[in-house]
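>>> what follows is a protein structure lacking sequence information:
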């Protein structure tokens, strides 16, 4: 029971990430950079409390993964700004689940039986349908949609999914390549607790570059909104640590990851009630049914 509660912490922390940053303010680039500051602070404290010897290869893997996370998060915040938290965040979760499932099936052959293929395909369909329902727009009430912000939001979501997808799969590819060459327990420790600090360093380096050269915002590294969003970064990092603790326990990665996907429900409900994003009666029903489908689809994916 305790580990289930620990595994639910990421759902709350990650689901509220867009809400917290939205309340604190700032541009997507400054919000992202602030999160990386918080992640570095958290990871340094963690490394001092629990020091782990990290091979140079793991350092490079972690830095690359962290840089990709920053790109994904910057684009996700752009989508949240253009489309709204309750619409963009659940869609982002759905797209990430689909990408991770496809990589697991195609490259790591995790769907190695007919039953697993069926479960996996059904899960992907449920996740995709759930994401569409959550982002459902009641055109009868709202009228024609403005194409500019919507197109920009979808473009940001796609770029975000690519960044997050690379972030989540690079460590897995490295682990897969090292199996048989490195002790399994040692490798697991390196790619969980050990990789946190290198990832945070990659995150902050990419965050600084993103502010300067992508967003082209001067002084963003010490802007008040950047510093405010350190709080968002600490919340994200706490969720990340709890995810690691739960996944390394008897609860296992599959169940822990599935529980973390309740973040889509937190974001959808929080976007409506805390960010005051308006929803028609039909949109609210679509959101409820969509969140249920996303969570159930994530559960099925964890079972294949």
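That came through, no problem. From a predicted model like this one, the values you see are computed outputs, not experimental measurements. Residues are numbered from 1 along each chain as shown.

>>> tell me the spacing between residue 189 and residue 58.
Counting by CB to CB, to the nearest Å, the separation of residue 189 from residue 58 is 10 Å. Backbone N, C-alpha and C define where each C-beta goes, glycine included.

>>> let me fix that, I meant to ask about residue 177.
12 Å.

>>> one more: residue 91?
From residue 91 to residue 58 the distance is 32 Å (CB to CB).

>>> more crowded one of the two?
The neighbour count for residue 91 versus residue 58, taken as other CB atoms under 10 Å, is higher for residue 91 (26 against 22).

>>> what sits closest to that one if chain neighbours are left out?
residue 131 (4.6 Å; CB to CB, 6 or more residues apart in numbering).

>>> could you check how far the one you found is from residue 36?
27 Å.

>>> neighbour-wise, which of these two wins?
Neighbours of residue 131 and residue 36, each counted by other CB under 10 Å, are more numerous for residue 36; the result is 31 against 26.

>>> touching, that one and residue 207? I think so.
Yes - using CB atoms under 8 Å, residue 36 is in contact with residue 207, at 4.0 Å.

>>> what is in contact with these two at once?
residue 70 (CB atoms under 8 Å, 6 or more residues apart in numbering).

>>> can you tell me the SS state at residue 26?
coil (DSSP: H, G, I helix; E, B strand; the rest coil).

>>> and the pLDDT for it?
Per-residue pLDDT puts residue 26 at 88.

>>> so which helix or strand takes in the closest residue to it other than its chain neighbours?
Spatially, and ignoring its direct neighbours in sequence, residue 26 is nearest to residue 225 (2.9 Å; CB to CB, 6+ apart). Using DSSP states H and E, residue 225 falls within helix 224-228.

>>> and what of residue 133?
Residue-wise, residue 133 maps onto helix 114-134 under DSSP H and E.

>>> go on, residue 208?
Going by DSSP H and E, residue 208 is part of helix 196-209.

>>> hmm, back to that, what's the spacing between the helix holding residue 133 and its chain's center?
On the basis of CA atoms, centre = their mean, to the nearest Å, helix 114-134 is displaced by 19 Å from the centre of the chain it belongs to.

>>> now it: buried residues?
Neighbour-count burial for helix 114-134 flags 119-120, 123-124, 126-131, 133-134 (criterion: 16 or more other CB atoms under 10 Å).

>>> repeat for stretch 172-182
Applying 16+ other CB under 10 Å to stretch 172-182 flags 172, 174-175, 178, 182 as buried.

>>> ditto for stretch 45-54
Buried, per 16+ other CB under 10 Å, within stretch 45-54: 46-47, 52, 54.

>>> out of those, which is nearest to residue 256?
residue 46 (18.1 Å; CB to CB).

>>> not counting sequence-adjacent ones, nearest residue to that closest one?
Nearest residue to residue 46 in three dimensions, chain neighbours excluded: residue 196, at 6.1 Å (CB to CB, 6+ apart).

>>> list the residues that contact the one you found.
With CB under 8 Å, 6+ apart, residue 196 has these contacts: 43, 46-47, 62, 240-241, 244.

>>> cool, residue 264 as well?
If you count contacts by CB under 8 Å, 6+ apart, then residue 264 has 15, 89-90, 93-94, 134, 291, 294-295 around it.

>>> sort out which of the residues you listed are in helices and list them.
Counting by DSSP state H, the contacts of residue 264 place 15, 89-90, 93-94, 134, 291, 294-295 in helices.

>>> can you redo those residues as TSV with pLDDT and distance to residue 303?
Converted to TSV, these look like this (pLDDT from 0 to 100; distance: CB to CB, whole Å):
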residue	pLDDT	distance to residue 303
15	84	23
89	79	24
90	80	21
93	82	18
94	81	18
134	78	22
291	84	19
294	82	15
295	83	13
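
>>> of those, closest to residue 278?
residue 134 (15.0 Å).

>>> for residue 293, see how far away that closest one is.
Taking CB to CB, one finds residue 134 at 9 Å from residue 293.

>>> now swap in residue 69 and tell me
Distance from residue 69 to residue 293, by CB to CB: 26 Å.

>>> please apply the same query to residue 158.
In terms of CB to CB, residue 158 sits 21 Å off from residue 293.

>>> more neighbours: those two, which one.
residue 293 (21 against 13).
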